[in-house]
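dropping the sequence and predicted coords here.
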Amino acid sequence: MVAKETSFLQTVENLRNVALAHPSILKVSATSNVPGNTEGLTGMVSRIGMDQLGAKEIKQIEIDHDYFQLMDIDLLAGRNFSSINEQNQYKVILNEAGLKLLGFNTPEEAIGAKIGIQNY
């Protein structure tokens, strides 16, 4: 999952503020895709320094920093995206399929690893 560009996040923040002003709305989050939908952004991803693995096709969705909490998803390792958008630049969160695809043996092994992503 990729932290989305600032214009998207600013729009989300504006919508979040409007929605949370309603007393019956407790949480708000944003994603570029409905969970389980296989359509969306596709790209090629590879581990930097692990050329023998080659580039692999991967599906991506953009989320905001509240997504995992709202969906009650625990991270296996690492940290969530920051609420400060600038801190999310060049940050990704991989799911278990992404870890396996890139040849990581454990979630902890992926923390701090460099990967390249080319969207198409």
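Received the coordinates, thanks.

alpha carbons only for contacts and neighbour counts from here, please
Will do.

for the chain, give the strand that spans the most residues.
For the chain, the longest strand by residue count, based on DSSP state E, is strand 41-47.

pull out the buried positions in that strand.
42-47 (16 or more other Cα atoms under 10 Å).

same for that strand, what does it pack against?
Counting contacts by 3 or more Cα pairs under 8 Å, 6 or more residues apart in numbering; DSSP states H and E, strand 41-47 is packed against strand 56-60, strand 115-119.

mind listing residues that contact the last one?
The reference is to strand 115-119. 41-48 (Cα atoms under 8 Å, 6 or more residues apart in numbering).

list the contacts of the longest helix along the chain.
Longest helix of the chain, by residue count under DSSP state H: helix 6-20. Contact with helix 6-20 is made by 25-30, 64, 85, as judged by Cα under 8 Å, 6+ apart.

what residues of stretch 15-27 count as buried?
Arg16.

start and end of that stretch, how far apart?
12 Å (Cα to Cα, to the nearest Å).

again, but for stretch 29-44
27 Å.

heads up, I number from 714, so please use that
In the new count, where the first residue is 714, that last one comes out as stretch 742-757.

so for it, what gets flagged as buried?
742-744, 755-757.

point out where the protein drops to low pLDDT.
Residues of the chain meeting the criterion pLDDT under 70: 714-719, 722, 764-766, 833.
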